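1. Following is a predicted model, sequence given first.
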Amino acid sequence: MALSRLTLNDFRNHAALEIRPQAQFLALHGTNGAGKTNILEAVSLLVPGRGLRRAAMSDMVRSQGNGGFTIVGEVGGNVIGTGVSAEQPERRKVRVNESNAGINSLAEWLSVIWLTPAMDRLFADGAAARRRFLDRLVLAINPGHARHSSRYEKAMQQRNRLLAGGVAADPLWLDALEAQMAESGNFIQAARIFVVEALSAQLLTTMAGPFATPQIRLIDKGATGGEDLASVWRKERNRDAAAGRTLIGPHRADLEVLHSASGQVAEQCSTGEQKALLLSLILAHAALVSAQRNAPPILLLDEVAAHLDPSRRAALFGLLADTGAQVWMTGTEPELFNGIGTSAQLLPIGQN
């Protein structure tokens, strides 16, 4: 699951760009505003979801372009692509080997995980941000997670709209929606539990190193006490109608992360410790993906090396190399990547 070619057209500030990876590490360097993170964002859109910035599709169109954009990647001799047209700048389209495909099908071809400066607030932000992070970890291992997450979200939105009508809501329609939510909800819960347990086991095998070792736990804030989800939702219709939302279900889950050595929850740790915890999670997850899918994922690391001292930077490069993953990294100076050695392909961005 490594890209052998990436082509961008009218994406963000890139009118036309082609990158042909020749090494495990792709080190993108250039001044701020050169478009380094834009390239990482493009790669993140080759899997289901809204990408590492969670931006609107129309915001990704180059301002001087023709109103649309395309991102094309080649993986294992197959060509996958996504983009929008000038006529429908918010409608994302996907093609696989020159045929139209669904967005969720992208998960079959690539596993992509990223770490960005914006994620420094992951532990301080609400449960929704941590849940999205967890779901990216799950998707990288279980491609079916994207389809079930989409089905669950759509059915829940329909249920909420229907309940907004109060007593006039059609009970048979609600039954059907809740049955669909339960089917996908059970899949989502099982997939999350599997990944959290497997990742916890993977972390136990990790030797103590320069980065803090985390402990993780899935917190089910919408627990049903073992009762069938559809039955719970049927009983909760009046309460959910009054609240204007569905109060119980897997959409209320949270990921708890603790610092193993101190026992502190991550949100109480220092900023440096939080970043170290995230790095440890990413590294352990890459090993888990390799074991589960027989191929390492693609890792996107935005400005990660800049805030590490030379010894920790060298240690990180060594750990990343051990994962076997294709690693796309950004930095303002090429010297930040000196510790990688011959497995780095230095790519100047924004230079003629």
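-> It's in.
2. What is the burial count for the nearest residue to residue 29 once chain neighbours are set aside?
-> Distances taken as CB to CB, 6 or more residues apart in numbering place residue 334 nearest to residue 29, at 4.7 Å, with adjacent residues excluded. All C-beta atoms are positioned from the backbone trio N, CA, C, and that covers glycine. Using other CB atoms under 10 Å, residue 334 has 15 other residues around it.
3. chain center to the strand ranked longest in the chain, what's the gap?
-> Determined from DSSP state E, the single longest strand within the chain is strand 3-11. Here the centre of strand 3-11 is set off from its chain's centre by 19 Å, with CA atoms, centre = their mean, to the nearest Å.
4. Which residues belonging to it are considered buried?
-> Across strand 3-11, burial judged by 16 or more other CB atoms under 10 Å covers 3, 6, 7, 8, 9, 10, 11.
5. where does the protein have low pLDDT?
-> 166-168, 207-208, 221-225, 351-352 (pLDDT under 70).
6. All the strands of it, in order from the start?
-> 3-11, 14-19, 25-29, 69-75, 78-84, 93-96, 99-101, 112-115, 214-220, 253-259, 298-301, 326-331, 344-348.
7. Columns distance to residue 308 on top of these, output as a markdown table?
-> What follows is these, written out as a markdown table (distance: least, CB to CB, whole Å):
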| stretch | distance to residue 308 |
| --- | --- |
| strand 3-11 | 25 |
| strand 14-19 | 25 |
| strand 25-29 | 15 |
| strand 69-75 | 29 |
| strand 78-84 | 33 |
| strand 93-96 | 36 |
| strand 99-101 | 39 |
| strand 112-115 | 12 |
| strand 214-220 | 18 |
| strand 253-259 | 18 |
| strand 298-301 | 11 |
| strand 326-331 | 11 |
| strand 344-348 | 16 |
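8. closest one to residue 338 among those strands?
-> For the strands of the chain, distance to residue 338 was read as CB to CB. The smallest value, 8.7 Å, belongs to strand 344-348.
9. In its sheet, which strands sit next to that closest one, and in what direction?
-> strand 25-29 (parallel) (DSSP bridges).
10. what is the orientation angle of the partner strand with strand 3-11?
-> 30 degrees (axes from the mean of the first three to the mean of the last three CA atoms, to 10 degrees).
11. sorry, back to before: who's in contact with the longest strand of the chain?
-> Residues from elsewhere that reach strand 3-11 (CB atoms under 8 Å, 6 or more residues apart in numbering): 14-21, 38-39, 42-43, 46, 60-62, 65-66, 68-76, 83, 110, 298, 326.
12. Write the ChimeraX selection for whichever of those residues are buried.
-> ChimeraX command restricting the contacts of strand 3-11 to the buried ones, with burial defined by 16+ other CB under 10 Å:
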select :14,17,19,21,38,39,42,43,46,60,61,62,65,68,69,70,71,72,73,74,75,83,110,298,326
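13. about what we covered before: what separation do you get for the residue nearest to residue 29 and residue 347?
-> Distance, residue 334 to residue 347, by CB to CB, to the nearest Å: 9 Å.
14. who touches both of those two?
-> Residues touching both residue 334 and residue 347 by CB under 8 Å, 6+ apart: 27, 29.
15. Report the buried residues of the longest helix seen in the chain.
-> Longest helix in the chain by number of residues (criterion: DSSP state H): helix 171-204. The neighbour-count check on helix 171-204 (16+ other CB under 10 Å) flags 174, 177-178, 180-189, 191-192, 195-196, 198-199, 202-203 as buried.
16. again, but for stretch 263-277
-> 266, 269, 273, 274, 275, 276, 277.
17. Over to stretch 20-36?
-> Applying 16+ other CB under 10 Å to stretch 20-36 flags 21, 24, 25, 26, 27, 28, 29, 30, 34, 35, 36 as buried.
18. Switch those over to TSV; also include distance to residue 227.
-> What follows is those, written out as TSV (distance: CB to CB, whole Å):
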residue	distance to residue 227
21	50
24	48
25	49
26	49
27	52
28	50
29	55
30	55
34	54
35	51
36	49
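19. what's the closest non-adjacent residue to residue 2?
-> Closest to residue 2 by CB to CB, 6+ apart is residue 326, at 3.9 Å.
20. Go ahead and confirm that neighbour touches residue 43.
-> No. Checked against CB atoms under 8 Å, the pair residue 326 and residue 43 is beyond contact range at 9.4 Å.
21. list residues touching both of these two?
-> Contact with both residue 326 and residue 43 is made by residues 3, 298, according to CB under 8 Å, 6+ apart.
22. neighbouring contacts of stretch 272-283?
-> So stretch 272-283 is contacted by 113, 115, 119-120, 122-123, 137, 199, 203, 206, 210-214, 216, 257, 259, 266-267, 269, 299, 304, 307, 316, 319-320, 323 (CB under 8 Å, 6+ apart).
23. Just the buried subset of those residues, please.
-> Applying 16+ other CB under 10 Å to the contacts of stretch 272-283 flags 113, 115, 119-120, 122-123, 137, 199, 203, 210-214, 216, 257, 259, 266, 269, 299, 304, 316, 319-320, 323 as buried.
24. How is the chain divided into domains?
-> Using automatic domain parsing, the domain parsing of the chain gives 1-111+295-352, 117-294.
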